[in-house]
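>>> Could you work out the structure for the sequence below:
(2 chains)
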Amino acid sequence: MGRLLRNGHLIRICRVIMGVVFIVAALAKIGDVAAFSTQIHNFRMMPVGLENLVAMTLPWIELLAGLSLLIGIRPRSGGIIVTILMAMFLVMVAVALFRGLDIECGCFGTADGSRVGIKKLAENLGMLILAFIATQAPATGTEA
Amino acid sequence: MKNEAAQHPAPEPILRGVVLIVVLGLALGLLHNWIGNRSKPAFGVDWISEDRNEDPFVLPEDDGDVAYHDVDDPMAIFAEPDPIEADLPRIPEMDRPIQIQLPVVKKFYDAGGGFFVDAREPEEFDLGRIPGAINLPYDTAATDPVLLESLDTGGRPIIIYCGGGDCEVSMNLAWFLLEAGHTRVTYFQGGYPAWVQSGYEIEGGE
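This next block holds a predicted model:
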């Protein structure tokens, strides 16, 4: 298992996938900050005063982390940020689901209308695993 | 030993990278928003979010004995009701969205006493809508405050509907309309699916 996690090809694929996902998601959110702020508000999980601040800065952090994974500049740093964010998103979706909120996920800003649900939870869990693999250092000789 | 070091770089550079990305992201986000608020047309949001009143006012189904009036005008309770709205449930002027249910919506529709707003996407609107409704997708409303301010409701209460469920899109649109200066903004929980299921008249979608 440890050897698989450090397979250079697998790590490279995970980095590209998560890089593209985060870049696309970030651009959609940057394109409509007000709508993203409302989507954050709908989760009812943070002080109201911080919602706009998070809405205007989080997508840029996502964009830079995504670029670092895709281009390969400090990819492990980008991978750690993506992993932390995916873990946060997973918890937020799980809590929203537990509280019975029927709301838009906001995962891709207004670019998709996907709602919070079991399917979204499973998607986030899958991406969290990919993000974790993307943080790994490839074993010597398996670098893609 | 050397290989080991190559495989596991010291945590400091990785941590430095994390801090760099976060700080750069924060700076770019703030800069982008600052530019946005000074552009024409402007985009972006206030840095500090305003407190949004969480709970919508739910209009009681039978409000025969309840008299709502403008709290800023005590004489309003003596005013003659609008002839069109005389037999309709009274929609008070409020600073928050008012949630109404299907029977109230139908009364307003039959009397022509409501300004119907469809918050769904244009494609859904084209496939079928409550007759007379205008299409104001949430995304458009979020980016065009001038359009919201210039909306002429003819003095009628605004009735927003969307694709059903909890209809948080309707409620969010209602908040935008309230911020744009409208005072009698309702949203119809149940939305278009509830309207169609009841067999009420629709237009479009041929």
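>>> which residue ranges form the helices in chain A?
Taking DSSP state H as the test, the helices found in chain A are A:2-5, A:8-30, A:33-43, A:48-71, A:75-98, A:118-134.
>>> a markdown table for those helices, including mean pLDDT?
Putting those into a markdown table (pLDDT from 0 to 100) gives the following:
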| stretch | mean pLDDT |
| --- | --- |
| helix A:2-5 | 76 |
| helix A:8-30 | 95 |
| helix A:33-43 | 83 |
| helix A:48-71 | 94 |
| helix A:75-98 | 93 |
| helix A:118-134 | 94 |
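>>> Those into a markdown table, with extra columns for mean neighbour count and distance to chain B?
C-beta here means a position set from N, CA and C on the backbone, and glycine is covered the same way. A markdown table is the format used below for the helices of chain A (neighbours: other C-beta atoms under 10 Å in any protein chain shown; distance: least, C-beta to the nearest C-beta, whole Å):
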| stretch | mean neighbour count | distance to chain B |
| --- | --- | --- |
| helix A:2-5 | 10 | 12 |
| helix A:8-30 | 20 | 7 |
| helix A:33-43 | 23 | 5 |
| helix A:48-71 | 22 | 3 |
| helix A:75-98 | 20 | 3 |
| helix A:118-134 | 17 | 13 |
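>>> Just to check, residue A:43 is in contact with residue A:103?
Yes: using C-beta atoms under 8 Å, residue A:43 makes contact with residue A:103 at a distance of 6.8 Å.
>>> tell me, what's touching those two both at once?
residue A:96 (C-beta atoms under 8 Å, 6 or more residues apart in numbering or on different chains).
>>> so residue B:183 sits in a helix?
No: judged by DSSP: H, G, I helix; E, B strand; the rest coil, residue B:183 forms no part of a helix; its state is coil.
>>> burial of the residue lying closest to it once chain neighbours are set aside, as a residue count?
What sits nearest to residue B:183 in space, not counting adjacent residues and going by C-beta to C-beta, 6 or more residues apart in numbering or on different chains, is residue B:93, at 4.2 Å. By other C-beta atoms under 10 Å in any protein chain shown, the residues close to residue B:93 number 17.
>>> Surely residue B:93 is in a strand?
No: counting by three-state DSSP, residue B:93 is not part of a strand but coil.
>>> What distance do you get for it to chain A?
24 Å (C-beta to the nearest C-beta, to the nearest Å).
>>> backbone phi and psi for that residue, please?
Phi and psi for residue B:93, reported as degrees, to the nearest 10, are phi -80, psi 120.
>>> That one and residue B:186 touch, don't they?
No: applying C-beta under 8 Å, one finds residue B:93 not in contact with residue B:186, separated by 11.5 Å.
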